[in-house]
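K.L.:
Give me the fold of what follows.
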Amino acid sequence: MSDTLDTLRAVLIAALDLPQRPEDLQVETALFGSLPELDSLGVLQLVSAIEERFDITIDDEEFDADLFETLGSLTAFVDSKLAAA
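P.N.:
Alright, predicted model coming up:
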């Protein structure tokens, strides 16, 4: 999970123009509803950046509140997509 986590930290900061440093974002860091930058447009920007960086496709039916609950839940999802590829 560490490589994916580190990469997702960088993607989050770049895609949403977050003021946090990578080390500020931990597995338990709450995302949707907690980061003002992660609104509906921010979700689209983030998904696009994740798809591009990890060369994966996130289908519409995979979007739910649990996916963006924490950085850990997002990391686990991306890891599962990478493992299935």
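
K.L.:
what residues are up against the closest residue to Lys81 other than its chain neighbours?
P.N.:
Ranked by CB to CB, 6 or more residues apart in numbering and with sequence neighbours excluded, the top spatial neighbour of Lys81 is Ile56, at 4.5 Å. All C-beta atoms are positioned from the backbone trio N, CA, C, and that covers glycine. Contact analysis of Ile56 by CB atoms under 8 Å, 6 or more residues apart in numbering lists Ile50, Val78, Lys81, Leu82, Ala85.

K.L.:
how would you label Ile56: helix, strand or coil?
P.N.:
With DSSP: H, G, I helix; E, B strand; the rest coil as the basis, Ile56 sits in coil.

K.L.:
contacting residues for the closest residue to Arg21 other than its chain neighbours?
P.N.:
Spatial nearest neighbour of Arg21, excluding adjacent residues (CB to CB, 6+ apart): Ile13 at 7.9 Å. Ile13 makes contact with Gln20, Arg21, Pro22, Leu25, according to CB under 8 Å, 6+ apart.

K.L.:
gap between Ile13 and Leu71?
P.N.:
11 Å (CB to CB, to the nearest Å).

K.L.:
any chance you could map the helices in the protein?
P.N.:
All helices of the chain, identified by DSSP state H, fall at 2-16, 40-54, 71-84.

K.L.:
distance of the residue nearest to Arg21 from Leu41?
P.N.:
Counting by CB to CB, the gap from Ile13 to Leu41 is 17 Å.

K.L.:
now do Ser2
P.N.:
Taking CB to CB, one finds Ser2 at 30 Å from Leu41.

K.L.:
Those two: which is more packed in?
P.N.:
More neighbours surround Leu41 than the other of Ser2 and Leu41, with 10 against 7 (other CB atoms under 10 Å).

K.L.:
low pLDDT regions in this protein?
P.N.:
1 (pLDDT under 70).

K.L.:
And Ile56, how far from Asp17?
P.N.:
When Ile56 is compared with Asp17 (using CB to CB), they lie 23 Å apart.

K.L.:
what is in contact with Ile13 and Leu71 at once?
P.N.:
With CB under 8 Å, 6+ apart as the test, Ile13 and Leu71 both reach Leu25.
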